[in-house]
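1. Here is my input; please provide its structure:
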Amino acid sequence: MVPVSDQPLFGRVVLVSGPEALLAERAVERLVRQACAERPSASVTKVEADDLDAGGLAEVTGGSLFAEESVVVVQQLSDLDPALFDAVLAFTAQPSDDLALVLVHPGGVKGKALLDKLKKARVEVVDCPTIKAWELPQFAAAEARLLGGRIDRSTADRLVEALGSDARAVAGAVRQLLADADDRTITEAAVRRYFAGRADVTSFTVADRVMAGRRNEALGALRWALETGVAPVLVTSALANALRAQGRYTEFAGQRMRDGDLARELGVPPFKVKEIVQRSREWTPRGLASSLQLVAEADAAVKGQAADPAFALERMVMGVTGLRGRRPDSGMGR
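-> Below is the predicted model:
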C-alpha cells in the first residue's frame, strides 16, 4: 500500500505522482475518503487536466455553489495547458482552507516542468513507482494479507508466472482467488485451475519456449496465442524482455548472489532466476545480440510495416531458436 499522510487535507495540496496507475488510483481513493471523513459535507469533483482552462481552474478551486467545502482531484496533470502552470503554482503556495486539492501526474517527461516546480515548492508528494517484476510475488502476498488471506511464496511465484508483469491483473487475481477460497488461502491448484490457458499468458509461454529452444512448441503456442486474440506486440515484447534478462545475467555470472538480489538486477521474478542460470550455457552474447535484432525487426513488422504480422512472428521464432546454442567457431545451430 502506498503510504499517505494522515494530516488534515483541507488547506493543503497533495501530488500523487508515478507511472503505476493501480497505486495512484488507490492513493487518490484513500485521500478522497480521508477528506470526506474530515468534512462530510464537502463536495467531490474529479476533472481531467486537459479539460481545464483558466476559468475552469478558477471554478474548481473556488468551491461549489452548493457546498462551502470541496475536494478536487485533477487527473493527468501532464496534459495541463502550460499557460495554467503559474496559476496552479500560485494556488499551491496559498491553498484555500476550504479546499482539499489532489493533483495526479503519471510521471514521465510530459509536464515535468510543472512537476519539478511543485516538488520544489514542497507540495506533499505520494510516490507511485512501477512495481518491478521481481517485486510482484511480494506484492501478491501483501494484497492477500490486505484482504485477510494468505498466499505462500511458491504459489505467488506461480501466479505471477501465469499473469506476467501486470500489477493490476495480479491484484485482481488475488481478490478473485480469495473470494473462492474456503479458508482464505490461495493454493497452487487454484492458480492452475483459474489461469491455465489464459489468452494473455501465452506471450510469456512463447518466449519461454523460444528461450528453451523448443521450436515446434513455440510455434504451436504462437499460433494458438494469435488465434485467441493475443496482440502480436505482446509476443515481441515478452521475448525481448527474456533476451535482455538473459544478456544481463552475463554481468553477474560467477558472483555469489541470492536469488532475490539477482532477480532485482535482472528485472525478473525470483522464480525465473534458476531458468536464466541454466540457460546461460545455451546462449552466447552474439546469439543474444542477433536474436534481439530479429525481435526488433519483427516488432516493426507487427506495428504495421509488414502485411502479415503472423508470418513475421513465425520467422522471428524460427530465427531466434536457430541462434540458441550457436557457437562462433561452429557455424551450426542445435
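2. Who are the contact partners of the residue nearest to D98 when sequence neighbours are not counted?
-> Distance criterion Cβ to Cβ, 6 or more residues apart in numbering; nearest residue to D98, sequence neighbours excluded, is E69 at 4.7 Å. Glycine gets a C-beta too; all of them are placed from N, C-alpha and C. For E69, the contact set (Cβ atoms under 8 Å, 6 or more residues apart in numbering) comprises 10, 39, 41-43, 63, 98-99.
3. do that again at 10 Å, thanks
-> Going by Cβ atoms under 10 Å, 6 or more residues apart in numbering, E69 touches 10, 35-36, 38-43, 63, 96-100.
4. measure it to P82 for me?
-> Between E69 and P82 the computed distance is 30 Å (Cβ to Cβ, to the nearest Å).
5. among the contacts of E69, who's most crowded?
-> A100 (28 neighbours; other Cβ atoms under 10 Å).
6. one step back: return the subset of the contacts of E69 lying in helices.
-> 35-36, 38 (DSSP state H).
7. nearest to R150, of those residues?
-> Using Cβ to Cβ, C36 comes nearest to R150 of these, at 31.6 Å.
8. Now the closest one: closest residue in space, sequence neighbours ignored.
-> Leaving out its chain neighbours, the residue that sits closest to C36 by Cβ to Cβ, 6+ apart is A42, at 6.2 Å.
9. can you check S78 too?
-> Closest to S78 by Cβ to Cβ, 6+ apart is G111, at 3.5 Å.
10. Looks like that neighbour contacts L15 (just checking).
-> No: G111 is not in contact with L15 according to Cβ atoms under 10 Å; the separation is 11.5 Å.
11. Overlap of the contact sets of those two?
-> Counting by Cβ under 10 Å, 6+ apart, the contacts common to G111 and L15 are 77, 105.
12. Please say which of those two ends up with more neighbours.
-> More crowded of G111 and L15, by other Cβ under 10 Å: L15, with 22 against 19.
13. and the more buried one, what are its bridge partners?
-> L103, V125 (DSSP bridges).
14. on that earlier part again, for the contacts of E69, which two are the farthest from each other?
-> P40 and S96 (18.4 Å).
15. now stretch 285-298, how far from the chain's geometric center?
-> 25 Å (Cα atoms, centre = their mean, to the nearest Å).
16. let me fix that: stretch 142-155
-> 19 Å.
17. That stretch: which residues count as buried?
-> Buried residues in stretch 142-155, defined by neighbour count with 16 or more other Cβ atoms under 10 Å: 142-144, 149, 151, 155.
18. now do the same end-to-end measure for it.
-> In stretch 142-155, first residue to last residue: 13 Å (Cα to Cα, to the nearest Å).
19. and what of stretch 297-312?
-> 8 Å.
20. ok, now stretch 151-170?
-> For stretch 151-170, the first-to-last residue distance is 12 Å (Cα to Cα).
21. and what of stretch 115-127?
-> 12 Å.
22. pLDDT averaged over it, what's the number?
-> Mean per-residue pLDDT for stretch 115-127: 91.
23. Could you check it and say which residues are buried?
-> 115, 118, 123-126.
24. where does the chain have low pLDDT?
-> Low-confidence segments of the chain (pLDDT under 70): 1-6, 63-67, 196-202, 228, 305-306, 326-334.
25. what's the domain layout of it?
-> Using automatic domain parsing, the domain ranges for the chain come out as 12-127, 133-195, 199-323.
26. all helices of the stretch 51-200 of the chain, in order?
-> 54-61, 85-93, 112-120, 136-146, 153-163, 167-180, 188-195 (DSSP state H, counting those that start in this stretch).
27. Generate TSV for those helices, with distance to G319 as supplementary columns.
-> Formatted as TSV, the helices of the stretch 51-200 of the chain follow (distance: least, Cβ to Cβ, whole Å):
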stretch	distance to G319
helix 54-61	54
helix 85-93	49
helix 112-120	39
helix 136-146	30
helix 153-163	26
helix 167-180	30
helix 188-195	30
